[in-house]
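Novice: Output the structure for:
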Amino acid sequence: MEVKVHFLGASGTVTGSKFVVETPGYNVMVDCGMFQGLKELRLLNWDPLDFPASQIDAVLLTHGHLDHTGYLPRLVLQGFKGPIIGTAPTLAIAAVIMEDSAKIQEEDAERANNEGYSIHDPAEAFYTTEDVQQTIRLFKHTAISEWVQLAPGIKYKYEKNGHILGACYIEFDIYGKIFLFSGDIGRDKDLLLEAPVKPEWADFIFMESTYGNRLHPENDTEVILTEAIKETIEKRGSLIIPSFAVERMQTLMYILFQLYKKKKIPHIPIFIDSPMGNKVYDIFRNFSNWHKLNAGELNEMQEHFNVIKSFKETWDTIDDKRAKVVIAGSGMVTGGRVLTYLKYAISNPTTILILVGFQAEGTRGRELQEGVHEIKIFGEYLPVKAKVMEIQSLSAHADQQELLDWLSHLKNIPEKIFLIHGEEPAADSLRLKIKDTYNWKTHQPKLNEVVSFKFEKEIKGD
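Specialist: Numbering: from 1, shown residues only. Presented below is the predicted three-dimensional model:
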């Protein structure tokens with residue numbers, strides 16, 4: 001009996017997570033993400049999958065981020081008709097993220113056509129809001145910590161994995177062998193979420209390696225934000241924080257609110273400009289058993305901030321001459337409202353920009369992180385005169401030591417660990433640490449690689 005795993009994304013890169021587990025009678029896709037960052041990766045989004053979409057029986061999602069869910073509407077357009085399975089908060093977040101993505105793509109295409117800066121004539125959206133609605137109709141939520149039968153001999157189980165609301169790793173029991181897909185692994189000491197559940201048994205592990213070559217610094221987030229706000233007030237400038245709308249934005253709100261309550265920062269206007277982030281805040285309300293905040297804290301926090309609800313309010317905020325803080329999507333500065341703010345603020349030396357998450361290769365966030373002297377926004381190159389800072393300790397991804405610790409409760413020796421969702425240096429560094437720590441076998445798959453697993457004898461499942 002032979003099982004094949006097709007590495008259709010997040011192999012040699014951190015983006016575009018897509019894996020197909022092919023068995024003789026049933027094919028499962030784990031995650032279905034868009035490529036982001038480098039142009040050569042983004043162009044891959046427009047290519048049909050190497051595995052026929054119509055032959056995929058089900059999609060199982062580890063969590064709702066765009067690089068794990070954003071390709072779903074294209075999969076449906078290519079003929080996929082099966083269930084899209086995830087935890088209830090994951091599906092709620094995926095719906096919001098895909099709707100936001102479609103809207104941004106439609107707006108970007110319209111702007112490019114009106115202003116004539118696209119090389120495509122006409123520029124087209126990758127998918128539309130109507131395509132997203134067709135996709136959401138296939139959503140099916142699942143329980144956690146219990147086995148669910150997919151097909152004869154194939155069952156799965158979800159376990160909480162930190163990172164963002166609803167995120168889990170997935171164990172598959174395929175004819176008696178455990179195939180474990182980590183998704184994105186969260187932090188042990190997250191402000192809003194419980195620590196990841198550590199797996200106890202796996203034959204084959206498909207494991208993220210985003211920060212496989214780094215330890216998150218022990219810098220004091222509160223001190224950095226406090227000093228940045230004080231400097232912003234002194235300069236009568238703007239502190240702009242590009243933020244991922246899911247969990248990171250809520251974490252920033254929590255930290256800033258606590259700083260205010262402790263009287264460490266004054267009552268500076270803080271604007272939250274992310275339609276998607278506002279919707280995710282409501283998802284936090286609806287799934288209180290998935291995070292540490294209670295309803296009172298959520299209400300109190302939201303009332304403290306200026307939540308922007310229209311594009312007119314965005315322009316009003318840009319025109320506001322007071323010292324202010326703006327938290328806006330997107331976290332890697334690839335799109336969203338933050339681009340509008342930066343177009344008018346990035347060349348102003350009174351602006352402070354703080355990056356608070358992983359910046360993938362080829363994104364504006366990575367360019368700013370590396371000290372680029374100019375940045376392209378809406379077809380125009382703008383000089384970067386703003387002060388650019390970074391807070392790595394706010395990352396929602398486990399660092400190298402936390403990744404190693406995540407493996408520490410395994411009671412068996414895995415036959416092989418496949419290092420995915422990481423750039424080559426990060427994956428290779430984690431490979432060496434796993435070898436030195438556990439002496440386990442690893443493999444770093446290439447994009448579109450297919451790995452076969454041949455079992456000596458076929459074991460009938462339940």
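
Novice: Contacts for stretch 138-156 next, please.
Specialist: With contact meaning Cβ atoms under 8 Å, 6 or more residues apart in numbering, stretch 138-156 is reached by 23, 25-26, 28, 57-58, 60, 76, 80-88, 91, 94-95, 157-160, 168, 170-175, 459-462. C-betas here are computed from N, CA, C, even on glycine.

Novice: centroid residue for the chain?
Specialist: His65 (3.9 Å; Cα atoms, centre = their mean).

Novice: Spell out the secondary structure type for Phe172.
Specialist: strand (DSSP: H, G, I helix; E, B strand; the rest coil).

Novice: Tally up the residues packed near the nearest residue to it once chain neighbours are set aside, please.
Specialist: Leaving out its chain neighbours, the residue that sits closest to Phe172 by Cβ to Cβ, 6 or more residues apart in numbering is Phe179, at 4.3 Å. Number of residues near Phe179 (other Cβ atoms under 10 Å) recorded here: 24.

Novice: my guess is Phe179 meets Pro199, correct?
Specialist: No: contact between Phe179 and Pro199 fails when scored by Cβ atoms under 8 Å: they sit 11.6 Å apart.

Novice: so Glu313 is in which element?
Specialist: Under the criterion of DSSP states H and E, Glu313 resides in helix 311-319.

Novice: The lowest-mean-pLDDT helix or strand in the chain: how far from the chain's middle?
Specialist: Ranked by mean pLDDT, DSSP states H and E, the weakest helix or strand in the chain is helix 88-115, scoring a mean of 87. The gap between where helix 88-115 is centred and where its chain is centred comes out at 15 Å by Cα atoms, centre = their mean, to the nearest Å.

Novice: So for that helix, what gets flagged as buried?
Specialist: 88-106, 108-109, 112 (16 or more other Cβ atoms under 10 Å).

Novice: Tell me which strands the helix or strand the residue nearest to Phe172 falls within pairs with, and in which orientation.
Specialist: Phe179 belongs to strand 177-181 when assigned by DSSP H and E. Counting by DSSP bridges, the strands paired with strand 177-181 are strand 168-174 (antiparallel), strand 204-208 (parallel).

Novice: quick check: mean pLDDT across it?
Specialist: The predicted model assigns strand 177-181 a mean pLDDT of 98.

Novice: what sits against the spatially closest residue to Gly64 that is not a sequence neighbour?
Specialist: Distances taken as Cβ to Cβ, 6+ apart place Ile93 nearest to Gly64, at 3.2 Å, with adjacent residues excluded. By Cβ under 8 Å, 6+ apart, Ile93 lies in contact with His63, Gly64, His65, Ile164, Leu165, Gly166, Val246, Val280, Ile283.

Novice: Run a quick neighbour tally on the fourth one.
Specialist: Which is Ile164. Neighbour count for Ile164, taken as other Cβ under 10 Å: 29.

Novice: got the buried residues for the one helix or strand Val223 maps to?
Specialist: Val223 belongs to helix 221-235 when elements are defined using DSSP H and E. Of the residues in helix 221-235, Thr221, Ile224, Leu225, Thr226, Ala228, Ile229, Glu231, Thr232, Ile233, Lys235 count as buried by neighbour count, 16+ other Cβ under 10 Å.

Novice: Pull the distance from it to the chain's centre.
Specialist: 27 Å.

Novice: Can you identify the element that follows that helix toward the C-terminus?
Specialist: Sequence-wise, the next helix or strand downstream of helix 221-235 (DSSP H and E) is strand 238-242.

Novice: Just give the strands next to that next one in its sheet, each with its orientation.
Specialist: Strand 238-242 is paired, per DSSP bridges, with strand 324-328 (parallel), strand 352-355 (parallel).

Novice: contact partners of the helix or strand that it is followed by?
Specialist: On the C-terminal side of strand 238-242, the closest following helix or strand by DSSP H and E is helix 248-261. Residues outside helix 248-261 that contact it (Cβ under 8 Å, 6+ apart) are 191-192, 221-222, 225-226, 241, 243, 265, 267, 270, 272, 274, 277, 280-281, 284, 293, 297, 300-302, 304-305, 325, 327, 329, 331, 356-357, 394, 396.

Novice: and the contacts of stretch 138-156, which are buried?
Specialist: For those, buried by 16+ other Cβ under 10 Å: 23, 26, 28, 57-58, 60, 76, 80, 82, 84-88, 91, 94-95, 157-160, 168, 170-175.

Novice: I'd like the average pLDDT over stretch 452-462.
Specialist: For stretch 452-462, the per-residue pLDDT averages 65.

Novice: how many neighbours does the residue lying closest to Arg322 once chain neighbours are set aside have?
Specialist: Leaving aside its chain neighbours, Arg322 sits nearest to Pro269 (6.0 Å; criterion: Cβ to Cβ, 6+ apart). Neighbour count for Pro269, taken as other Cβ under 10 Å: 13.

Novice: still on that earlier bit, identify each buried residue in the strand holding Phe179, please.
Specialist: Lys177, Ile178, Phe179, Leu180, Phe181.

Novice: what residues are up against Val246?
Specialist: Val246 touches Gly64, His65, Ile93, Ile97, Ile164, Leu165, Gly277, Val280, counting by Cβ under 8 Å, 6+ apart.

Novice: and which of those is nearest Gly422?
Specialist: Of all those, His65 has the smallest distance to Gly422: 15.1 Å, by Cβ to Cβ.

Novice: Check whether the closest one really touches Asp31, as I assumed.
Specialist: No: between His65 and Asp31 there is no contact under Cβ under 8 Å: 9.2 Å.

Novice: any chance of the buried residues of strand 177-181 in TSV, plus distance to Ser11?
Specialist: TSV is the format used below for the buried residues of strand 177-181 (distance: Cβ to Cβ, whole Å):
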residue	distance to Ser11
Lys177	21
Ile178	21
Phe179	16
Leu180	17
Phe181	13
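
Novice: Name the nearest of those residues relative to Lys454.
Specialist: For the buried residues of strand 177-181, the nearest to Lys454 is Lys177 (10.9 Å; Cβ to Cβ).
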